[in-house]
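1. what's the 3D shape of this:
(3 chains)
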Amino acid sequence: MCMLRAIFSHPSGRIGGTIVLIYVVVALLGLFDLTPHYPLQQYRIDRLHAPSVVYWMGTDLFGRDVASRLMKGVGQSFLVGVSAVALATIAGTILGLTAAWFGKLWDGLVMRIMDVLLAFPAILLALLIIAIAGPGTWTSVAAIAIVYTPIFTRVVRGPALSIKSREFVDAARTFGSSKSYILTRHLLLNLVAPLTVQVTLALAWSLLTEAGLSFLGLGTQPPASSLGLMLADSRNLMETAPWLLIFPAVAIMISILGFNLLGDALRDILDPKTRSRTA
Amino acid sequence: MSYLARRLLTFPLVMLGVSILVFFAIRMIPGDAITAMLGTEAGLLTPAQRESLAAYFGIDQPILVQYWKWLIGVFQGNLGISVIHGKPVLSIILERFPLTLQLALMSMVVALAVGLPAGVFAATRNEKPSDLIVRIVAMIGQSTPNFVVGLLIIYALSAGFGVLPTMGEFTPFLTDPLRNLGQMILPAITLGFAFAASVTRISRSAMLDVLSDDYVRTARSKGVPKRNVIWRHALPNALIPVVTLSGVEFGYLLGGAVLVEQIYALPGLGRLVLEAILQRDYALVQGCVLFIAFNFLVVNLLVDLLYVTLDPRIRLGEGG
Amino acid sequence: MTPLLSVKDLRVGFGRDPAKNEIVKGVSFDLAAGETMAIVGESGSGKSVTALSINRLVDFGGGKIIGGSIKLTRADGNVLDITQAKEPVLEKIRGSEIGMIFQEPMTSLNPVLSIGTQIEESFRLHRGLTGKQATAAAKDALDRVRIPDAARRLKYAPNQLSGGMLQRVMIATALACNPRLLIADEPTTALDVTVQAQIMALLGELKRETGMAMIFITHDIGLVAGIADQIMVMQAGQAVEQGTLGEVLDQPQHPYTQHLLSAVPHFESGRAARTDFSRKAKETPALDVDGLVVRFKVKGSMFSRAQGSVHAVENVGFDLMPGETLAIVGESGSGKSTTARAILGLVKPTRGRFATHMGSITDATDPATQMVFQNPYASLNPRLRIDSILAEPVIAAGGRVTNETRDKMKALLKRVGLPEDSLERYPHQFSGGQRQRLCIARALMLNPSVVVLDEAVSALDVSVQAKVLELLVDLQKEYGLAYLFVSHDMAVVERIAHRIAVLYAGQIVEIGDAASVLSNPQHSYTKRLISAVPSIDRRNQHFEIDTRQVPSLVRPPGFEPPEAQWREFGPDHRARAEA
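-> Numbers count the residues shown, from 1 in each chain, chains lettered A, B, ... in the order given. Take a look at the predicted model:
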């Protein structure tokens, strides 16, 4: 549709969009185990092989194919990211929208709770949540979702407040349109733009955080693959097997970069006021 | 009512909320406290011993009472005793805090020294090749997790120069400044990298906005030379969002640098919390998280104060 | 004598390829010292770009002068071609030989610097003054523009002053070093009528005192009648007519100029008022407002109780017959918009009763009353299609969208002059004037008896205004609609109102038959308001300088204004008695 065309005619959008597409393809391949080798298969004989025709990105300490593990790791981070951001978006939108519309007490209550959540540096809050629920993939999802919900709430509440005072909402009120009609047709529809931008940026951030959590051993648990885990493993073998560090590092950087670029492009397209200001 | 007064009032409210969250969240960590503290040895306790231990730590009382007692303790500066370290929590925190503070400060210096000029420069050369380069580098900087930066730096040093960063016993600044800086410089650059990228992007964007504002046009129409337009008119206005962002990120660094501390094996607050969580040291986790959240809120409040001082529109109110 | 400024065949373009994107297409004029030239045009005419080219400020906005010459005779007698000059020379000229003031005073001054600092800057740059000298010079500059209490005001930040005051500060800054030419780009467009008159008076005085030349850009041809020596009319980047004031206004040659002069609403002191309606004997009013009071509480600090309220609307009452238009006229802060919003149910009145022919309504919304708002770009939800937008009133009133409804939509669209296929389009595909027509169609979906129009044509270009007003008048006659027309623009009001109510500080100060009120105003405020309205007949106007400000509307709690005393001036013309 015309949105895709708009994205691909924007310079950041072209690069970001392409990266994200490749990322999604790789992620899906990884999730469905359509990898060159079995990610968990240990080829004991071929331990710590440098990249070759057989093992495109080399093998690790246990003889596992790095490329396959990478793809699986990408799939994992994609799964976590999409789930967490979806949860945060739904929760944040409901909270932010109702806070803006109903105002007064509800708004005060919601925003104070969000303030409390925002009083913790994000990583710390995530650690705390994982400490309660135990490490693992789905707790990472919960942790990232909880940490990001206050941000979505703010992102929705601000624009919702300003839309609420726009004249077409006044017009709707003079007709006597029902609250739900105004909330959905007028407010929500006009919030799609900032939300889309924020979702993309949230995905970038969740990739980053998921990697960090796995690096600390608190995210996806071994023997499952995750980019953070791969980086943690590479630490001591850096000098002898640099491919164990380079490939996951570059993969993480490019994925996050792709989402950030896409987010910037979307912001330019959907919110003309900030055009050519971003990046 | 003035903006500041309102902010000051919500502060204790939010802190209270934080304390509740922290206290009850810790209590939700699975496993009973005594087993957590003593590990396998807990199995050797008799019920009577268990009971007396429980009484000693006050865990046998109703939870609200425990909360209240703890809260009172906090106001008196008593954050409890750490089981792992066997010392008062507050003293452990205060031992580690200077390092975290120093790291945060150094990172901010790096970020501002690099990011601000880069952003302003890029804004004045908007759409030209040099602007594009700055934007690309900043974009990459923002897209790289700080621990990845750290790993890559260590790799580059070892592969390129055969050097590994000085690890080992941390030297406080006052003991031996040179050695201290040697240990801190790499972590500061690591953290400062992404921070600098944010500062670059925001100062570029703020500068571009300001340069197209009406009052800049007025200044030009008065014949104000380009140099003065940028320094006297544009920059003071553009700095406002930069200051806000930097302050918030600084606050974040005061407790959130756990990944970088881990990589460089620095005994900072972030690592302390991580260890405490992993080892179920309730008192230590509580104390640390409370302390970090408190600092974060204080920094945010100071940033708001600064913002109000810089922008007369907020300070003096609208209209005439 | 060489003219002060000589512009020949000026061409200005924008963007990557300026030649393909010409905004100014060959403009020429001469300006003698002390002369005032008015450049008149609507949006897109290129008038602002022409002005910004004279001191080469276009360069900073992405523009480029691609042809022609601009020759300025400098103070020392040398002639400089501005199009060829280098930046350092231009920096010397700007501010000292050419000054400029802009349209939006609220954003044209640096918010983080005091106004004193900003005025001093000119003196420091061009006259080399420092320290106390500069401050003294700045204070003198403020005195010159008649700002009271100048010494104290120097320390104010821009956001502490009103629009009118800020514009004076801008003038003070621009004229600090006595430039020989002042470029004024729509300086009064964002100001109230009476404030506008004050600024025009000030500019006139300063012109006489300093002998400076002025280029005055505006869209309001009536405004320039008072001060211009020469007029240049621009359309689509070209000068379609130029000449002396008398030549252009009395004997316009070009069709566009003629259109601007005849088709566009001009104020004629009541001569052009409508005469097509008269009140019948015992008719039920379409809208009856009685004792409307709207007050907003002013919060004290947290530790003390409410410190009174803003008396936005104080005891407003009137009735409105079917087929009649009552215009509510006033400036900012008069309470006219609040009145409209209270009647529509958007603002809760503190007291008051309104009744439509359907019965009494207190604060609930009533389908018999519909509205059209000012901003065509914000009145329509950008994400909804036109058919959904038109359907909303029906759905809100509990109905369903049937084929009948769709037929009605098509019929109304046709009636307001829009094609049927508009139903599938989105608001951004329509122009401002077209959007207002859509708003009008939407307002008519429920067959209202009263339509409230709150500055409904104020945001439109003058030629578009005329057409929309025509449409409104036709619709009124066809459907017997009653209009409550809120506006600050007297020329527009004259064209549409049968009766007028003048609002000042929340109270009606004069109300009655339009022709009577406009030609024979009785209350002092109405007189001031009407004398401030620019008109083509008023050549070389000598505006009176008047620094009165709008009084504060904040009153302590429990304050009740005294009962109004009225004086009659004819069958339908009353004015509030003044103390």
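2. from here on, contacts and neighbour counts on C-alpha atoms
-> Will do.
3. quick check: nearest residue in space to the residue in the stretch 1-150 of chain A that chain B sits nearest to, chain neighbours excluded?
-> Across the stretch 1-150 of chain A, the shortest distance to chain B (C-alpha to the nearest C-alpha) belongs to A:I132, at 4.1 Å. Distance criterion C-alpha to C-alpha, 6 or more residues apart in numbering or on different chains; nearest residue to A:I132, sequence neighbours excluded, is B:I29 at 4.1 Å.
4. got the CA coordinates for stretch C:254-265 in CSV?
-> What follows is stretch C:254-265, C-alpha atoms only, in CSV (Å, rounded to 0.1, in the frame of the first residue of the first chain):
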residue,chain,number,x,y,z
HIS,C,254,-6.5,44.5,-13.7
PRO,C,255,-9.4,42.1,-13.0
TYR,C,256,-7.7,40.7,-9.9
THR,C,257,-7.4,44.2,-8.3
GLN,C,258,-11.0,44.8,-9.2
HIS,C,259,-12.0,41.6,-7.7
LEU,C,260,-10.1,42.4,-4.5
LEU,C,261,-11.8,45.7,-4.3
SER,C,262,-15.4,44.7,-5.1
ALA,C,263,-15.9,41.1,-4.3
VAL,C,264,-14.1,41.0,-1.1
PRO,C,265,-15.9,42.3,2.0
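5. figure out how far that stretch is from the centre of its chain.
-> 19 Å (C-alpha atoms, centre = their mean, to the nearest Å).
6. now do stretch C:387-401
-> With C-alpha atoms, centre = their mean, you get 34 Å for stretch C:387-401.
7. what comes up buried for that stretch?
-> Buried residues in stretch C:387-401, defined by neighbour count with 16 or more other C-alpha atoms under 10 Å in any protein chain shown: C:D387, C:S388, C:I389, C:L390, C:A391, C:E392, C:P393, C:V394, C:I395, C:A396.
8. next one: stretch C:222-237
-> Neighbour-count burial for stretch C:222-237, counted by 16+ other C-alpha under 10 Å, picks out C:222-237.
9. which among those residues gets closest to C:E560?
-> The nearest member of the buried residues of stretch C:222-237 to C:E560, counting by C-alpha to C-alpha, is C:L223 at 40.0 Å.
10. nearest spatial neighbour of that closest one, skipping sequence neighbours?
-> Per C-alpha to C-alpha, 6+ apart, closest to C:L223 is C:P534, 4.9 Å.
11. next one: C:V169
-> C:V169 sits nearest to C:L142 (C-alpha to C-alpha, 6+ apart), 6.8 Å away.
12. would you mind pulling up the elements that the helix or strand hosting that neighbour packs against?
-> Element membership for C:L142, per DSSP states H and E: helix C:131-144. Contacts defined by 3 or more C-alpha pairs under 8 Å, 6 or more residues apart in numbering or on different chains; DSSP states H and E place helix C:131-144 against helix C:115-126, helix C:150-153, helix C:163-174.
13. how many other residues sit next to the residue nearest to A:T18 when sequence neighbours are not counted?
-> Nearest residue to A:T18, sequence neighbours excluded (C-alpha to C-alpha, 6+ apart): A:G258, at 7.7 Å. Neighbourhood size, A:G258 [other C-alpha atoms under 10 Å in any protein chain shown]: 28.
14. tell me who's in contact with A:G258.
-> By C-alpha atoms under 8 Å, 6 or more residues apart in numbering or on different chains, the residues touching A:G258 are A:I15, A:G16, A:G17, A:T18, A:I19, A:V20.
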